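In: just a sequence and a predicted model for now, questions to come.
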Amino acid sequence: MAEILKFLDEYEALIYIVLAIGAMFSFRWLFRSWREWQVAVFSLEREFSARRFGRSALISAMIVVFFCIEFFMASFVIPGLPADFFIATSTLDLISTPTGTLSPELLTQFAGQPQVVQPNAAGCTPGQIELTYPAPGDEIKGIIDLTGTVDIPNFGFYKYEVAPNGSDTWATIAAGRTVVREGSLGRWDTTALTPGDYQLRLVVIDNQGTALSPCVVPVQVVPNQ
């Protein structure tokens, strides 16, 4: 199903063009078949004309149906899908939890990971892939709004993830499908995390499914008192 929706989304303009050309020929055939059926005199001639008219009407109706399906999918269904629906990722899918709350299993795993403080951000590209808040080393608590920039050529979508310092176990918090320039990237609920040092990374994927080098920022989660 995902492959079909991806095809309908990527080739929307081409599909409309093909359907328009097909409609032009099928409606022309439909009109000519109808005229032939109207002027036919002999029964055999009228029968053949009626068959041609029926076939042309069926093809014309199918083209209209395909056009309606493409329009409905491209205009209503696909825009409402999650940002990473079309591209499989190796991270855990927690996007269904909009507040960014992590599962108890991940919290237990995070608590047992070694924590090594990283003083600086890594992999960030100013003006393209950048986290401006939180800044490296910031102490954060509660629900925070992440701000930054995701603006690359051939933009696809972005996501932000968290992992304990020194760990490669990344958990997706949330994602977005629109370009952001020095604005809000989304929210992160840190109340479910054990206080300590974590890595927050911003990952941007282009429209071909290629992930660029992520922007990684070390932060410290403190008790929410």
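Out: Cool, the structure landed.

In: once you drop chain neighbours, what's closest to Arg46?
Out: Ala40 (4.0 Å; C-beta to C-beta, 6 or more residues apart in numbering). Any C-beta I mention is one placed from the backbone N, CA and C, and that applies to glycine too.

In: ok, that neighbour - how many residues close by?
Out: Residues contacting Ala40 under the criterion other C-beta atoms under 10 Å number 15.

In: tell me the contacts of Arg201?
Out: 123, 160-163, 170, 214-217 (C-beta atoms under 8 Å, 6 or more residues apart in numbering).

In: max pairwise distance over these: which two?
Out: Gly123 and Val162 (15.5 Å; C-beta to C-beta).

In: now Asp206: closest residue in space that isn't a chain neighbour?
Out: Of all residues not flanking Asp206 in the chain, Asn154 sits nearest, at 4.5 Å (C-beta to C-beta, 6+ apart).

In: count of residues packed around that neighbour?
Out: 9.

In: and it, how far is that from Ile63?
Out: Asn154 is 32 Å from Ile63, where distance means C-beta to C-beta, to the nearest Å.

In: circling back: can you say which of the contacts of Arg201 are buried?
Out: Buried subset of the contacts of Arg201 (neighbour count, 16 or more other C-beta atoms under 10 Å): 160-163, 170, 214-217.

In: in this protein, where is pLDDT below threshold?
Out: Residues of the chain meeting the criterion pLDDT under 70: 1-2, 79-120.

In: all helices for this protein, in order.
Out: For the chain, the helices defined by DSSP state H occupy 2-10, 12-39, 43-72, 104-111.

In: any chance of these in JSON lines, with distance to Gly148 and mean neighbour count too?
Out: Converted to JSON lines, these look like this (distance: least, C-beta to C-beta, whole Å; neighbours: other C-beta atoms under 10 Å):
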{"stretch": "helix 2-10", "distance to Gly148": "26", "mean neighbour count": "13"}
{"stretch": "helix 12-39", "distance to Gly148": "30", "mean neighbour count": "14"}
{"stretch": "helix 43-72", "distance to Gly148": "35", "mean neighbour count": "14"}
{"stretch": "helix 104-111", "distance to Gly148": "23", "mean neighbour count": "14"}
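
In: which one of those lies closest to Gly196?
Out: helix 104-111 (8.0 Å).

In: and Val203, how far from Thr132?
Out: 16 Å.

In: which one's more surrounded, these two?
Out: Neighbour comparison, Val203 and Thr132: the larger count goes to Val203, with 24 against 15 (by other C-beta under 10 Å).

In: from memory that one sits against Val216, does it?
Out: No - shown here, Val203 and Val216 do not form a contact pair, counting by C-beta atoms under 8 Å, at 9.5 Å.

In: domain ranges for this structure?
Out: Using automatic domain parsing, the domains assigned to the chain come out as 2-80, 104-221.

In: who touches stretch 13-20?
Out: For stretch 13-20, the surrounding residues in contact (C-beta under 8 Å, 6+ apart) are 8, 63, 66-67, 70.

In: and those, which two are furthest apart?
Out: Top of the distance list for those (C-beta to C-beta): Leu8 and Ile63, 15.7 Å.

In: let me have the contacts of stretch 13-20 in JSON lines, extended by distance to Trp29.
Out: Below are these laid out as JSON lines (distance: C-beta to C-beta, whole Å):
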{"residue": "Leu8", "distance to Trp29": "26"}
{"residue": "Ile63", "distance to Trp29": "11"}
{"residue": "Phe66", "distance to Trp29": "17"}
{"residue": "Phe67", "distance to Trp29": "17"}
{"residue": "Glu70", "distance to Trp29": "22"}
